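**Q** Could you look at this predicted model? Sequence included:
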Amino acid sequence: MSSSELKGSARLGTYLKQLRTGYGFSLRKVEEKARLAGGEIDNSQLSRYEKGRCYPSFDKLRVLAGIFNVSIQSFSDIVDLEEYEQLRPDAESFADLMVVGNDEAALGNYARAYAAFQKGVEVAEAGLEMDVAHEQVGLHSTRIARGRYGLARALLKLGKISLAESELRNILKIGDGVESEILIKTLLQLANAHAELGDRFLARLEAEKCLLVAREAGDDHSVAYSLHSLGRIAYEDNDFQGSLSYFRDSLILYDEVNDTSGSLMMKVLIGASHTALGRFKVGGKLIQEALRSARQAGLRRLCALALSKLMEAEFAQKNYQRAKAYIREVDALAGSEVEEDRYIDLLFNSAFYLWQIARGEGNPIQEKIAFGRLKYLRSSLERTTPEVERFDAHIGQRKTYENLVS
């Protein structure tokens, strides 16, 4: 931890204050709850944390996480976000900042998208504070909701799931100021957040509800996104025939509303569903076609995902050399010298399959290297995927064995 962090974090302080006021707790109330939880955080100490004057110890953060029902990882994520300050765009108007944020998100530059949306929220909140006559409360509330929705999307893509969920719940608290379109998409992102955390049952229920609401509202884009979410959940549950059906229906609607990125994503996932069903030729062709289009459009994240799915198809066919060639391409796109531009989930996926290949080939040196990389990446990964679940299960079994023989 750097000396600047030890002196405190203004962003962490703001987050702690938001959590406390969101629960309606006074500083004294938090002190009482900390004592009941077996910790010691007096009200003056918490006030210093909130003002960014000093940084809480790990034990203090653990107590605060319990009081506010958040993960300790969320506190670390908040501090990480301070690094994105240097990425704030020059744009000043809310409309321009939303355009910048959406453009960066489409290109897969989620840290830059976050910085733009964060500035947009600040502009919208400043407008609300200046509207002393309350003549445009609805406009400012709508802008705040849109900005926070963009923040949540970027945070989800950055793997900061708990923070994304917090932003989504802040949107719901706005109440009547939220447009139906944003409300539906907010609920859908909550479903995605729960899917990321491994609660696919709850995620499916939420996505199905959003699908019904979107259809009743005649919102084709939200219908497409709902089908997309349901397809993803089915895919991760190994229901590949079901995912194929959802993705196909979603593709039709994405095409109708001219969402190029959404359409290409569906083509990749339709191809992946085919390969998961053993239809490697059909699926591989679809993914390759989508990959070419994504490259032409400069969609880095989508290119990396397509290559990752091609790698998984080669692995399933035991074409390990081809799989490793794709892994090198994935890592070249997903990795970056700038930490915030990395796609940790895809890097983890690559390391997982390298580990599996090394185990299959009986290469203990490469197995050890890949395993070490997995452990390193796992500490930065909040989302849950089938590969993460398998790795975690292996770690659990390994610890059980070590305990038995010790």
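**A** That came through fine. Only a predicted model underlies this, so the values are computations on that prediction, with no experimental measurement involved.
**Q** switch to C-alpha atoms for all contacts and neighbour counts from now on
**A** Will do.
**Q** Show me what the helix or strand containing residue 370 is packed against.
**A** Per DSSP states H and E, residue 370 falls inside helix 364-378. Applying 3 or more CA pairs under 8 Å, 6 or more residues apart in numbering; DSSP states H and E, we find helix 364-378 packed against helix 344-361.
**Q** The helix it packs on vs helix 364-378, what angle?
**A** Relative orientation of helix 344-361 versus helix 364-378 (axes from the mean of the first three to the mean of the last three CA atoms, to 10 degrees): 160 degrees.
**Q** hang on, the earlier thing: buried residues in the helix holding residue 370?
**A** 366-367, 370-371, 373-374, 377-378 (16 or more other CA atoms under 10 Å).
**Q** of those residues, closest to residue 260?
**A** residue 377 (31.1 Å; CA to CA).
**Q** residue closest to the middle of the chain?
**A** What sits nearest the mean C-alpha location of the chain, by CA atoms, centre = their mean, is residue 156, with 1.9 Å.
**Q** which non-adjacent residue is nearest residue 287?
**A** Using CA to CA, 6 or more residues apart in numbering and skipping the chain neighbours, the partner closest in space to residue 287 is residue 268 (4.7 Å).
**Q** Tell me how many other residues crowd the one you found.
**A** Neighbourhood size, residue 268 [other CA atoms under 10 Å]: 28.
**Q** hang on, isn't it packed against residue 282?
**A** No - because the distance of 11.6 Å does not satisfy CA atoms under 8 Å, residue 268 is recorded as not touching residue 282.
**Q** Could you pull up the mean pLDDT of the helix or strand containing residue 207?
**A** Taking DSSP H and E as the definition, residue 207 sits inside helix 200-217. For helix 200-217, mean pLDDT rounds to 93.
**Q** contacts for that helix?
**A** With CA atoms under 8 Å, 6 or more residues apart in numbering as the test, helix 200-217 has contacts from 184, 187-188, 190-195, 220, 222-223, 226-227, 229-230, 233.
**Q** From these, which land in helices?
**A** Among the contacts of helix 200-217, the members falling in helices (DSSP state H) are 184, 187-188, 190-195, 220, 222-223, 226-227, 229-230, 233.
**Q** Give the buried residues for whichever strand or helix holds residue 255.
**A** According to DSSP H and E, residue 255 maps onto helix 240-256. Using 16+ other CA under 10 Å as the test for burial, helix 240-256 gives 240-251, 253-255.
**Q** Nearest to residue 69 among those residues?
**A** Nearest to residue 69 among these, counting by CA to CA, is residue 243 at 33.3 Å.
**Q** residues touching the closest one, list them.
**A** By CA under 8 Å, 6+ apart, the residues touching residue 243 are 230-235, 270, 273.
**Q** Can you tell me the closest non-neighbouring residue to residue 162?
**A** That would be residue 74: by CA to CA, 6+ apart, it lies 6.0 Å from residue 162.
**Q** so that neighbour, which of the three states?
**A** helix (DSSP: H, G, I helix; E, B strand; the rest coil).
**Q** I figured it hits residue 160, correct?
**A** Yes - at 7.3 Å, residue 74 and residue 160 qualify as touching, with contact defined as CA under 8 Å.
**Q** Which one of those two is surrounded by more residues?
**A** Applying other CA under 10 Å to residue 74 and residue 160 shows that residue 160 carries more neighbours, namely 24 against 20.
**Q** so what's the backbone phi/psi at that one?
**A** Phi and psi for residue 160, reported as degrees, to the nearest 10, are phi -100, psi 70.
**Q** give the contact list for it.
**A** In this structure, residue 160 makes contact with 74, 77, 382, judged by CA under 8 Å, 6+ apart.
**Q** if we go to 10 Å?
**A** Residue 160 makes contact with 73-74, 76-78, 81, 152-154, 193, 380-383, according to CA atoms under 10 Å, 6 or more residues apart in numbering.
**Q** Could you do residue 151 as well?
**A** Contacts of residue 151 (CA under 10 Å, 6+ apart): 101, 110-111, 113-121, 145, 163-164, 167-168.
**Q** Show the buried residues in the ones in helices among the contacts of helix 200-217.
**A** 184, 187-188, 190-195, 220, 222-223, 226-227, 229-230, 233.
**Q** pretty sure residue 175 is touching residue 183, no?
**A** Yes - using CA atoms under 10 Å, residue 175 is in contact with residue 183, at 9.4 Å.
**Q** So these two - more neighbours on which side?
**A** More neighbours surround residue 183 than the other of residue 175 and residue 183, with 21 against 12 (other CA under 10 Å).
**Q** So that one versus residue 346, what's the distance?
**A** 29 Å (CA to CA, to the nearest Å).
**Q** Identify each buried residue in the helix or strand residue 303 falls within, please.
**A** Using DSSP H and E, the element containing residue 303 is helix 300-316. Across helix 300-316, burial judged by 16+ other CA under 10 Å covers 300-315.
**Q** quick one: which of the contacts of residue 160 is nearest to residue 355?
**A** Lowest distance from residue 355 to those (CA to CA) belongs to residue 381, with 17.4 Å.
**Q** How about the closest one: what's its closest non-neighbour residue?
**A** That would be residue 159: by CA to CA, 6+ apart, it lies 6.4 Å from residue 381.
**Q** again with residue 19
**A** With CA to CA, 6+ apart as the criterion, residue 19 has its nearest non-adjacent residue at 6.5 Å, and that residue is residue 68.
**Q** repeat for residue 48
**A** residue 54 (6.2 Å).
**Q** Residue 39 too?
**A** Leaving aside its sequence neighbours, residue 39 sits nearest to residue 63 (CA to CA, 6+ apart; 6.3 Å).
**Q** State the mean pLDDT of stretch 99-114.
**A** The average pLDDT within stretch 99-114 is 92.
**Q** in that stretch, what counts as buried?
**A** The neighbour-count check on stretch 99-114 (16+ other CA under 10 Å) flags 100-102, 104-114 as buried.
**Q** picking up where we left off before, just the buried ones among the contacts of residue 151, please.
**A** Neighbour counting with 16+ other CA under 10 Å marks 101, 110-111, 113-121, 145, 163-164, 167-168 as buried within the contacts of residue 151.
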